[in-house]
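Peer 1: Dropping a prediction and its sequence here:
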Amino acid sequence: MAPQSHVNPHSAAFQHNQRSYGALLATLRERMVWAVRGGGEQLMQRHIARGKLPVRERIDLLLDVGSPFLEISPLAGWGLYNNEVPSAGAVAGIGLVEGQHCMVIANDATVKGGSFFKETVRKHVRAQEIALQNRLPCLYLVDCGGAYLPEQDQVFPDWGHFGTTFLNQCRMSAEGLPQLSAVFGGCTAGGAYIPALSDEAIIVEGTGRIHLGGPPIVKAAINEVVDGETLGGAAMHTRVSGVTDYLAADEHQALAKLRQIVRHLNLPPVPPSPQSTPREVLPPRFDAGEIPGIVGTDLKLPYDVREVLIRLVDDSELQEFKPDYGATLVCATAHIHGRPVGILANNGVLFSESSVKGAHFIELCNQRHIPLLFLQNITGFMVGTEAERGGIAKHSAKLVYAMATARVPRLTVLIGGSYGAGNYGMCGRGFAPHFLFAWPNSRIATMSPEVATTVLTELRKGSLKGHSGEAELAELARETTEQFTRQSDPYYATGRLWDDGIIEPSQTRDVLGLCLQLVAQATPRAAGPSPVFRM
């Protein structure tokens, strides 16, 4: 039977949703301009005057012509440091180089000299995590001032700080995942280890420098006066120290050399398999541009998530599992850009029935080697006496367990609210999905501002009396609502790298298609039996 849509694009509700969501998209696009502008026009012109290319131009020249570039967390740093660290001072993402998918990690020297802030380190580490999980070579375009010293306690001593980036480089190299660097500017202190720990390194003459301690540190430490070029210039490191392997006359030559190295990596071809060879791709029968009019911006207003799904999947075809049971969780197999996927999408609060249904469906996908896609719009699991007596704690745990132990790749998109344990059951960031993206209408917190305000004021009421107590309760309610509203905002989340980026609904199908291609070619089929237990 042909798929059907019950959406009326001419209705007043649809038109209202479309307009309100359009305002969210305008905000997202405006903030993306902030992300790509780097340190601003003045610093960009100074950078170019030194004979250096803007960071995104370097990436464009490195990638194959026409290659897509899946950028990771472009809005990292938003709302922090007075918005003076666009994109956390680094660009990271996946693109094709000589026909191979590669992770590119590139410093933006126009932003605080390419120094590493806490969010820069987190972005660098996250990019390496994705590269390791998806078996991708790492290409480092280095123009790095090392750690941002005023934040040294946030970037230097702990797990997940600067040292972890070097641990990841060493371990990926040991596993046969190439680590390649091109040095375009100064690499000081910890920044020096990025090229030093690479399998092969290129350096640009005249601008590239590498030194564990720059001239001021050398003078302070051993009272030696030396200029930067003598201490760590490109010619010295290529001809004398051997720290770098190739000397490039300019940035264009360095990028061409990096492409040449990738061409001769002798990486194994992707073996043919049902997952890595997509079937004929038929686009959705319904327009993804209608999704904003369906979902709107008011998370309290319900909609049928199937209307979203048929605008994302090939030919709008869904094979729904248990359609008449546990209706608040839609489970269906489909294809996106020709690749199989098992979808779990919220259609309301999760009851025991929907939790058990989800666990069962995950086991089926596990057995059939089908990647999982979680579309989150969830207030949480059902609460109350009846739910507790029905075993909601036990049944929700079954969903969490099945999701956490799934041996197939997992992808997550926040398409609405992501609250409480519902975030966990639907594969939130804490459960390490391969990729996690958010829509601009999404919200993420332990609970909604309204619920949090009710909970905290009810807890305080018992200890307060009189008129002064009422005033204190009103102030507590105001503060709680403001805090939860601010902290659940998607830009608050993406600025702190709680996701891999905010994407538009109309981009979601293509983003997921690329992600499914990456996980399909990187994930071998799990060995051993994979039984299905009907929970």
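Peer 2: Ah, there it is.
Peer 1: Tell me who's in contact with G185.
Peer 2: For G185, the contacting residues are K52, N107, A109, G114, V142, D143, C144, T207, G208, R209, by C-beta atoms under 8 Å, 6 or more residues apart in numbering. (C-beta placed from N, C-alpha, C; glycine too.)
Peer 1: Return the member of these nearest to P3.
Peer 2: N107 (46.6 Å; C-beta to C-beta).
Peer 1: All the helices of the stretch 251-400 of the chain, residue numbers only.
Peer 2: 251-263, 291-295, 306-309, 352-368, 385-389, 392-404 (DSSP state H, counting those that start in this stretch).
Peer 1: What of the stretch 51-200 of the chain?
Peer 2: Assigned by DSSP H, counting those that start in this stretch, the helices in the stretch 51-200 of the chain fall at 55-62, 118-133, 152-155, 162-174, 193-196.
Peer 1: what's the burial count for R389?
Peer 2: Using other C-beta atoms under 10 Å, R389 has 8 other residues around it.
Peer 1: which element is the closest residue in space to P74 that isn't next to it in sequence on?
Peer 2: Leaving out its chain neighbours, the residue that sits closest to P74 by C-beta to C-beta, 6 or more residues apart in numbering is A35, at 4.5 Å. Following DSSP states H and E, the helix or strand that holds A35 is helix 12-36.
Peer 1: Now do the buried residues in that helix.
Peer 2: F14, N17, Q18, Y21, L24, L25, L28, R31, M32, A35 (16 or more other C-beta atoms under 10 Å).
Peer 1: Equivalent analysis for stretch 48-61, please.
Peer 2: Buried, per 16+ other C-beta under 10 Å, within stretch 48-61: K52, L53, P54, V55, R56, R58, I59.
Peer 1: Counting by contacts, list what the lowest-mean-pLDDT helix or strand in the chain packs against.
Peer 2: Every helix and strand of the chain was ranked by mean pLDDT, DSSP states H and E. The lowest is helix 215-222, at a mean of 82. If contacts are counted by 3 or more C-beta pairs under 8 Å, 6 or more residues apart in numbering; DSSP states H and E, helix 215-222 sits against helix 228-232.
Peer 1: now the helix it packs on: mean pLDDT?
Peer 2: Per-residue pLDDT values over helix 228-232 give a mean of 87.
Peer 1: picking up where we left off before, could you identify the helix or strand that succeeds the helix holding A35?
Peer 2: Under the assignment DSSP H and E, the closest C-terminal helix or strand after helix 12-36 is helix 41-49.
Peer 1: buried stuff in that next one?
Peer 2: Buried positions in helix 41-49, judged by neighbour count with 16+ other C-beta under 10 Å: L43, M44, H47.
Peer 1: go on, stretch 124-136?
Peer 2: Of all the residues in stretch 124-136, those buried under the rule 16+ other C-beta under 10 Å are H124, V125, R126, A127, Q128, I130, A131, L132, Q133, N134, R135, L136.
Peer 1: what mean pLDDT does it have?
Peer 2: 97.
Peer 1: coming back round to it: pull the CA coordinates from the least confident helix or strand of the chain and hand them back as CSV.
Peer 2: C-alpha atoms of helix 215-222 as CSV (Å, rounded to 0.1, in the frame of the first residue of the first chain):
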residue,chain,number,x,y,z
PRO,A,215,62.1,32.0,22.3
PRO,A,216,60.7,33.5,25.5
ILE,A,217,60.6,30.2,27.3
VAL,A,218,64.2,29.4,26.1
LYS,A,219,65.4,32.7,27.4
ALA,A,220,63.7,32.2,30.7
ALA,A,221,64.8,28.6,31.1
ILE,A,222,68.5,28.6,29.9
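Peer 1: Next up, the contacts around V243.
Peer 2: Taking C-beta under 8 Å, 6+ apart, we find V243 in contact with P195, A196, A201, I210, H237.
Peer 1: Separate out the buried members of those.
Peer 2: Using 16+ other C-beta under 10 Å as the burial test, these include P195, A196, A201, I210, H237 as buried.
Peer 1: Can I get those residues in CSV including pLDDT and distance to G95?
Peer 2: Shown next, in CSV, are the buried ones among the contacts of V243 (pLDDT from 0 to 100; distance: C-beta to C-beta, whole Å):
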residue, pLDDT, distance to G95
P195, 94, 21
A196, 94, 25
A201, 97, 20
I210, 93, 26
H237, 95, 28
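Peer 1: can you redo those as JSON lines with distance to F374?
Peer 2: Formatted as JSON lines, those follow (distance: C-beta to C-beta, whole Å):
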{"residue": "P195", "distance to F374": "38"}
{"residue": "A196", "distance to F374": "40"}
{"residue": "A201", "distance to F374": "40"}
{"residue": "I210", "distance to F374": "43"}
{"residue": "H237", "distance to F374": "47"}
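Peer 1: Where does the prediction get shaky in the stretch 351-500 of the chain?
Peer 2: Within the stretch 351-500 of the chain, the segments meeting pLDDT under 70 span 464-468.
Peer 1: Check which helices and strands the helix holding A35 sits against.
Peer 2: Against helix 12-36 (3+ C-beta pairs under 8 Å, 6+ apart) you get helix 291-295.
Peer 1: Which residues does the helix it packs on contact?
Peer 2: Here helix 291-295 makes contact (C-beta under 8 Å, 6+ apart) with 7, 9, 14-15, 17-18, 21-22, 24-25, 303, 307-308, 311, 377, 415-416, 439, 441, 505-506.
Peer 1: try it again with 10 Å
Peer 2: By C-beta atoms under 10 Å, 6 or more residues apart in numbering, the residues outside helix 291-295 that reach it are 5, 7-9, 11, 13-22, 24-25, 286-287, 301, 303-305, 307-308, 311-312, 377, 415-416, 439-441, 504-506, 508.
Peer 1: got the CA coordinates for it in CSV?
Peer 2: Written as CSV, here are the backbone C-alpha positions of helix 291-295 (Å, rounded to 0.1, in the frame of the first residue of the first chain):
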residue,chain,number,x,y,z
ILE,A,291,8.7,19.1,8.5
PRO,A,292,8.8,22.5,10.3
GLY,A,293,5.1,23.0,9.6
ILE,A,294,4.5,19.6,11.2
VAL,A,295,6.6,19.8,14.4
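Peer 1: If anything else comes up later, I'll come back, but that's it for now.
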